[in-house]
Every structure is written in C-alpha cells, then in structure tokens.
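A.B. asks: sequence unavailable; structure follows:
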C-alpha cells in the first residue's frame, strides 16, 4: 500500500512538473500544426491529394514533433539530481523508466492525441479513417514513449550530438509507421494489424525498462 | 580459446595468425574471383548476371554474421564485465557497415537487370537498409560520447536492442511475400544451387570471412593500443 | 517493495509480455506484410478499382501477346486464378512465360489490370544453362529441382 | 550501523581513493576532508551504492550493503552538491512535492517554523529561480527535516552559506545525533562545527 502511495505521489510530481512546463508541450503542438500548414502550402490545397496522403503526413509529423520533446524526458531530472533522489527513495532504475514512460505518454502524447481530430479536418482525413488513426496512434504513441525513453536515456551523457536520440527513435519507429499507416491505407484487415501493433507495443514494454534502466544507471554512475 | 575474451592473449594470438590470414584472404579472393568470372557457368535464367551473386551473397551473410558477433560480445561484455567485448564491438562495427553497404549496392546492381528495378521497399530490402542505419548509429554512438566507459556500454545496449532486426532480416523472405527470392542455402533442405556454382560461392564466402578477420585483427589491435593510451 | 523484488517481478512480467507479443505478432503477420497479392487473394477480397496494388504470380504459358513494340498483354496466374494484364513499357530481362513476376498498377475494371511497372521475380534455384538443357532433353526437368 | 572497509576505487586506471575505512554509528558526525578533485563526491556515491568500489566491502546493519539496499535507502537522506529543487516551481510547491514523494508526516506548522528560522518564510510563494544561491541551498537542507531519516549524507553542504546558518546547521547535526541519528558530510574547508571523526581524502 505504501508503495502504491509512492507511485501516486511520483505522478503528482510529474503532474506539477509538466504543468509548469506546459508551454513546451503547447509549442510542440504548435510546431505540429505549423508543419501541417507548410505541407498544405507547399503541396497545394487540393483536397483529393490529402485524403490520399493525409494519414501518412499526420504520422510523419507526429513522429517528428514527438521526438522534439525527447530532451525533456530525463535530461532535467538527471541534471538536477532528481533521478538519483528517486532511486535513493527506493525506486529501481527499471521502475523509474516505466513510470517516466507512462508519464511522457500521459502528459506529452495525450495532448497530441487530442489535437488529432483538428489536424485530420485540416488534412481532409475522413471520419472512418479518423477512428482508425486514433486507435493506431494510441498504440503507436505508447510505443513512441517507450522508444523515447530508451533513446533519451542513452543520450543523457551525450553532450555533443543530441540529434542522435531522435535518429534512434526514428529508426526503431519504422515498423510502427509501416503498420500504423498500413492500418489505414492498404489493408482491409484492421483487427490483425491492431494485433501486430499491440505485439510490438508489448515487446517495447518488455525491452524498455531493462535498456533504459541500464542506461540510467550508467549515466548516474559516470556523471 | 581465451584469446577470444582477453586482449593480452588476443594480441599474442593475432601476431601469430595475422600473416597467414592475410595471405590466405588474398589467395582465396583471387581464386574465388577466377572461379566467379571464368570457371563458373552461366545461369539457365539469368545468364551472366548471376555472377553478382558471388559478391552479394557473401557480403549479406557477413553483414549478419558481424552483427551476430557484436550481439554475442555485447552480452559477454555487459554480463561478465569483459572490456574486450567492447573493444571488439567498437572495432567491428564499421566492417559490418561496409559489408552491408556492399550487399546493398551489389544487390541493386543485380536487381536492375533481373527484376527491372534498382530498389523496392519489400520486407527484405527494407530490413537490410535498417541494418545499415543501425550500424551507422553504432558508429555515431562510438564517436559522439566523450567518456569511453560510457559510450561502449551505451553502444552495447543499443546493439542488443537493435538485434531484434536480425531474425526479421533472416526470415522476412519466408514469412512474407517479397520480391526477393527465398534463401537458396538453408540447413533444413538440400541447397537448390548446382555444385558448379556452389563452389565459387563457398570460396568467395570463405575469402570474405578471411578479409573480415584481417581487417578486424588490425582494427582490434589499434583499438587496444588507443585505449591503453587514454 | 524492495529493489530485488521489483526486479524479480519485472523479469517475470517481461517474459510474459514477450511471449504474448510473439504469439500476437506471429498470429497476425501471416498475410499482412505482403509486398504483393496473389491472384487468388484478390478474388476473395473485393477488387478496388483505381487503387495502386501489386500482384505476384507466374506469367501464364501461351498468354503473352506483343501488341506493338512496347505494348504487351499477358495473364498472371497462381495456378488457381489468373488476371489479365496490360502493360506499356520496357520488360526486364528475366520476364518470360512461366517465370515469376510482380506487377504494380491499377485495375481498369474488374477484369483488366493496367500495369505501370513490371518486376521479374526469380526463384532461389541456380543452375548452369548446359545442365538445364540436358535435363530437359532427358525429361528430368521439373521446377522444383 | 554503516561499516565500510578498505574502500578503493579506480577509474580508467587512475586511483581516486584508496583504502578508506569508515564506521558510522548512531550519534556520530563524520567529516570528509579533501581538496577539490580529491574524490569526496565519488566516495559519497560509493557509500550510496551508486558506484561500485574496485575493492573493499560495505556493510549495513551487519549485512552486505547490496543485500540490504532497500532498508538502507529507507534510512538515509542524501543532499547532493547540486540542488534538486525544481527551479520553475515555487518554494511551497517544492516542499509539497518533497512531502509527497518522501511520504513525510511533518505538518506545515513545523515546516513554517523551520522556514522562519532559516529566513525563508517570506519566499514561500516565490519561484525557486528567483532565490539566491544561498537561499536555494538552505531550502535544499530543509529536506533533511522533511525526510526525517536516520543517516544524513551531505555533499558540500556549506557552500554559499553564511556563518550564522552554518552554526545553525551544526546545531541541527548535534540535535540529530542526540536522537540516535548520524551524519556524514564532505567539505573542502574547515566548517568549524564539532565533529566526532575526520576522514582525509
């Protein structure tokens, strides 16, 4: 019970942190929308093109803008020593990774999820596709959060080449893109593609705490 | 077999075998190329173009093998704290990247006349492209961290995470419909290649392995020396 | 909950997750990442007109017609069903009757497929052309050599 | 309670510290002395089990530290040389967060009392980023009271602090020791507070 209480209090802290940094998330969403405008202006306002391309564009931009928020993932807490503090408070590094992943999902990805309907109106994505897009993004966002956790924990001590984190996320997100966009565009069999996506999700969930936990440990040891 | 996990013993062993390996790799490469270009017959379908296979297939195998070696060494290095594993990983990653690149380039040279296209995004080709980028990222990790002890561990963890790609590459042609043909040589069945074409393929593969070992020995030795001087 | 207990729990959880995930993926990927559809698969699902798809199969024996120097039509088959294909352009070297091919294009209507690109698909068998002619002469030639 | 024997730590073939033994039992205050870069922080991290010593063993309550880590962590407060307060939040919010994540039962009257002793009460609603370095450090030291654990491990607690506060903290250390607590802290200069043991690095 005490432990459960501890977990809840961890999320209280995350909530306070993200609330104070909410302008970052808003900037992120603004970036997302501005990129949509740029797409529309550069390709031309033809509606038919977007009903064909829209889902792909949406996914690419979601991926790109969510990699922008990766720097927030562990870096702040690492630099002011809060990760060490949490560990000394009885959280294993693996547990910290899991908690942080869900916190990133709740406080960064969910706002994105809420902005999808508006974005899909702008890009003329139909209602039926919107439903599928939302489900696939819900799963995909969880995967992206896990990947983000892995890559940003790898990058904690990387002072020179921060873009590497985004590259790592993007290379591993290729299967998600294949399946998520596949869900909407190519295949009729929605259920089995959701099955594959959730399979990938479970694998990243299983890998994430170990990989991120090890990286966090290395970072804290060598800081 | 201690030389496989201990840098001092490796140095001793490498000094002994380096020259024979070098000579052997050059000889095998020459013999293999002679076989591939002059002695092996034309394919019944592909004619002379099939000779690209003698470069393409060995480099593809070696790109996978290199990654497999790196995975094994990452596990050894992380679990049993053997720094030699990190040295091997750092040294071998560019070799794997080069083999993958050779595989991709020779593959597209083969694909253009046979399939009618340089490149398609089917499961096999995509996963090999991903493998190449993974190799690049490993190299990037190895050059962009300041602390050696950090970057080698991070690279090892990344290698382990990236090893998910290996079975995908291997089995993509069996699991899914691809433009790429299924594996010619597999353990379970008799190889569907004629002995006269199998011989140069095997010679070329062994030659590639020896070339890889030669470069690896050189790179590992330099890596050991660099680390001693930090 | 002690640190060791946390880890133990996590190990068990990860194993369960990985097993479930492999089952989910293996169960679902059987037909989903296909680069192409076979003619039979297309007959079962409804054919979408004016949608870019790829069809893979063999070029049916005695179906190849050369309409002009760069316009061809042929049928693509998987021994059960076949589809009529129109193509304008250059054919790859390996393209011939009985040979595997993947074509990319649109359905003009339910029966006619307009190919935009034709890829030849070769199989995993390699053998010298001299041996092949010998085998054919002696009647031992079959595809599954 | 905490017993470290012959701790040695090497990094990149360089010896950071060698053969250091400490024994920390209730009522003791240990000061780690050493110049800049002599490995004080590294030593504290080793004691916290964040780093593994190259040789030597640490025991907690008679058991190996790594076997008894959770209990150990439940009994210690670590104040790093960095400040862990969140800059963009107010002092009050920071205190609230600490109270929550450390499951502290300390009531707010008591906290306000301590804050007024530390001259921090006026800043309760202010953002941490507007505070001076010394004030941030004092706020950080407030965590000692909030966490209310037995062992206090402090890394350079007296930087940026005035004499008055240092004496106040020395007083707090003594009070803590009377309540069967113990303190280990590092300092590069002599803080002029009573200590029971001295370790030179």
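C.D. replies: Thanks, I have it. Keep in mind that this is a model prediction, so the values were computed, not measured.

A.B. asks: other residues contacting the least confident helix or strand in chain D by mean pLDDT?
C.D. replies: The weakest-scoring helix or strand in chain D, judged by mean pLDDT, DSSP states H and E, is strand D:197-200 (a mean of 82). With CB atoms under 8 Å, 6 or more residues apart in numbering or on different chains as the test, strand D:197-200 has contacts from D:20, D:22, D:28-34. To be clear about C-beta, it is placed using only N, CA and C from the backbone, and glycine gets the same treatment.

A.B. asks: how many other residues sit next to the one residue in chain D that gets nearest to chain B?
C.D. replies: Residue nearest to chain B within chain D (CB to the nearest CB): residue D:12, separated by 6.1 Å. Counted with other CB atoms under 10 Å in any protein chain shown, the neighbours of residue D:12 add up to 10.

A.B. asks: before we move on, what about residue B:29?
C.D. replies: By other CB under 10 Å, 17 other residues sit near residue B:29.

A.B. asks: can you pull the contacts of it?
C.D. replies: Contact partners of residue B:29, counting by CB under 8 Å, 6+ apart, are B:204, B:207, B:211.

A.B. asks: out of those, which end up buried?
C.D. replies: Using 16 or more other CB atoms under 10 Å in any protein chain shown as the burial test, those include B:204, B:207, B:211 as buried.

A.B. asks: helix or strand for the first one, just tell me which one.
C.D. replies: With elements delineated by DSSP states H and E, residue B:204 resides in helix B:195-228, which encompasses its position.

A.B. asks: from residue D:201, how far off is the nearest residue to residue D:192 once chain neighbours are set aside?
C.D. replies: Leaving out its chain neighbours, the residue that sits closest to residue D:192 by CB to CB, 6 or more residues apart in numbering or on different chains is residue D:166, at 7.5 Å. Separation of residue D:166 from residue D:201 (CB to CB, to the nearest Å) stands at 21 Å.

A.B. asks: repeat that for residue D:82.
C.D. replies: When residue D:82 is compared with residue D:201 (using CB to CB), they lie 20 Å apart.

A.B. asks: domain ranges for chain C?
C.D. replies: Following automatic domain parsing, one finds the domains of chain C at C:1-33, C:39-121.

A.B. asks: do any residues in stretch A:96-115 lie close to chain B?
C.D. replies: No. Between stretch A:96-115 and chain B, judged by CB under 8 Å from any CB of the partner chain, nothing touches; the nearest distance is 12.3 Å.

A.B. asks: can you list the low-confidence ranges for chain C?
C.D. replies: For chain C, the stretches with pLDDT under 70 are C:1, C:30-34, C:43-50, C:132, C:134-145.

A.B. asks: recalculate using a threshold of 80.
C.D. replies: Along chain C, the model assigns pLDDT under 80 to residues C:1-3, C:28-53, C:92-94, C:96-99, C:109-111, C:122-145.

A.B. asks: before we move on, what about chain D?
C.D. replies: In chain D (pLDDT under 80), the answer is D:11-13, D:37, D:189-195, D:201.

A.B. asks: need the residues of it near chain C, please.
C.D. replies: With CB under 8 Å from any CB as the criterion, chain D meets chain C at residues D:69-71, D:73.

A.B. asks: do the same with chain A
C.D. replies: Residues of chain A lying near chain C (CB under 8 Å from any CB): A:3, A:90-92, A:94-95, A:178, A:182, A:187-189, A:192-193, A:195-196, A:198-203, A:205-207, A:209-210.

A.B. asks: only whichever of those residues are buried, select them in PyMOL.
C.D. replies: Buried subset of those, written as a PyMOL selection, criterion 16+ other CB under 10 Å:
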select buried, chain A and resi 90+91+92+94+95+178+182+187+192+193+195+196+198+199+200+201+202+203+205+206+207+209+210
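
A.B. asks: least trustworthy helix or strand in chain B by mean pLDDT?
C.D. replies: Every helix and strand of chain B was ranked by mean pLDDT, DSSP H and E. The lowest is helix B:165-175, at a mean of 84.

A.B. asks: return the distance of it from the chain's centre.
C.D. replies: Centroid displacement of helix B:165-175 relative to its chain, using CA atoms, centre = their mean, to the nearest Å, is 16 Å.

A.B. asks: contact partners for residue A:126?
C.D. replies: residue A:51.

A.B. asks: the chain: helices as residue ranges?
C.D. replies: All of this refers to chain A. Secondary structure of chain A, counting by DSSP state H: helices at A:2-20, A:22-43, A:47-68, A:71-79, A:82-88, A:93-104, A:110-122, A:127-154, A:163-172, A:174-185, A:190-222.

A.B. asks: should've been chain C
C.D. replies: C:3-28, C:39-44, C:129-138.

A.B. asks: circling back to that earlier point, generate JSON lines for the domains of chain C, with mean neighbour count and distance to chain B as supplementary columns.
C.D. replies: Shown next, in JSON lines, are the domains of chain C (neighbours: other CB atoms under 10 Å in any protein chain shown; distance: least, CB to the nearest CB, whole Å):
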{"stretch": "domain C:1-33", "mean neighbour count": "16", "distance to chain B": "4"}
{"stretch": "domain C:39-121", "mean neighbour count": "16", "distance to chain B": "3"}
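
A.B. asks: of those domains, which is nearest chain D?
C.D. replies: Counting by CB to the nearest CB, chain D lies closest to domain C:1-33 out of those; the figure is 3.8 Å.

A.B. asks: show me what the closest residue to residue C:85 other than its chain neighbours is bridged to.
C.D. replies: The shortest distance from residue C:85 to any non-neighbouring residue, by CB to CB, 6+ apart, is to residue C:113 (4.8 Å). Taking DSSP bridges as the rule, residue C:113 bridges to residue C:85, residue C:107.

A.B. asks: from memory residue C:113 sits against residue C:82, does it?
C.D. replies: No. Using CB atoms under 8 Å, residue C:113 makes no contact with residue C:82, being 10.6 Å away.

A.B. asks: and chain D, which of its residues are near chain B?
C.D. replies: Counting by CB under 8 Å from any CB, the residues of chain D near chain B are D:11-12.

A.B. asks: the same query, at a cut-off of 10 Å, please.
C.D. replies: Residues of chain D lying near chain B by CB under 10 Å from any CB of the partner chain: D:11-14.

A.B. asks: top of those by neighbour count?
C.D. replies: Neighbour-wise, the residues of chain D next to chain B (other CB under 10 Å) top out at residue D:11, 14 neighbours.

A.B. asks: who does that one form a beta bridge with?
C.D. replies: residue D:14.

A.B. asks: please apply the same query to residue B:193.
C.D. replies: Per DSSP bridges, residues listed as beta-bridge partners of residue B:193: residue C:126.

A.B. asks: for residue B:46, see how far away it is.
C.D. replies: Applying CB to CB, the value for residue B:193 to residue B:46 is 12 Å.

A.B. asks: what residues are shared contacts of the two?
C.D. replies: B:53, C:126 (CB atoms under 10 Å, 6 or more residues apart in numbering or on different chains).

A.B. asks: chain B next: which of the residues of chain A next to chain C are close?
C.D. replies: Filtering the residues of chain A next to chain C for proximity to chain B by CB under 10 Å from any CB leaves A:178, A:200, A:203, A:207, A:210.

A.B. asks: before I go, just wanted to say thanks for your time.
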